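In: My questions concern the predicted model and sequence given below.
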Amino acid sequence: MFKKELDPEDFYYSPEGYIVFTEKYHLKRGYCCKSGCKHCPYGYNKKTGTFDKKEK
C-alpha cells in the first residue's frame, strides 16, 4: 500500500499524544471522511450526520 508522508502543517500532536489533522490537510485530501474530525473544513456534524457548511 502506498503511504504518503505528512507535511508539518498537516497535523499536530494533542496533549495526549494523538495526531490531529489540520484543516489544510483535509483540504489537500479533497473529501470529507465523515469521522467528525476536529478541523473539518466541510462542516460535517457527526451527531446529525449532516453537513453544516457547504462543501468547498
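Out: Nice, I can see it. Remember, it's a predicted structure, so these values are computed and weren't measured experimentally.
In: quick one: contacts for residue 39?
Out: Applying Cβ atoms under 8 Å, 6 or more residues apart in numbering, one finds that residue 39 lies in contact with 20-23, 25-26. Any C-beta I mention is one placed from the backbone N, CA and C, and that applies to glycine too.
In: Buried ones from the residues you listed, can you make that a PyMOL selection?
Out: Entered in PyMOL, the line below selects the buried ones among these, by 16 or more other Cβ atoms under 10 Å:
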select buried, resi 21+22+25+26
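In: Dump the contacts of residue 39 into TSV; add distance to residue 13 and pLDDT as well.
Out: Converted to TSV, the contacts of residue 39 look like this (distance: Cβ to Cβ, whole Å; pLDDT from 0 to 100):
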residue	distance to residue 13	pLDDT
20	7	96
21	11	96
22	12	97
23	17	96
25	14	95
26	17	95
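In: mind putting the contacts of residue 39 in a markdown table, secondary structure included?
Out: Listed next are the contacts of residue 39 as a markdown table, based on DSSP: H, G, I helix; E, B strand; the rest coil:
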| residue | secondary structure |
| --- | --- |
| 20 | strand |
| 21 | strand |
| 22 | coil |
| 23 | helix |
| 25 | helix |
| 26 | helix |
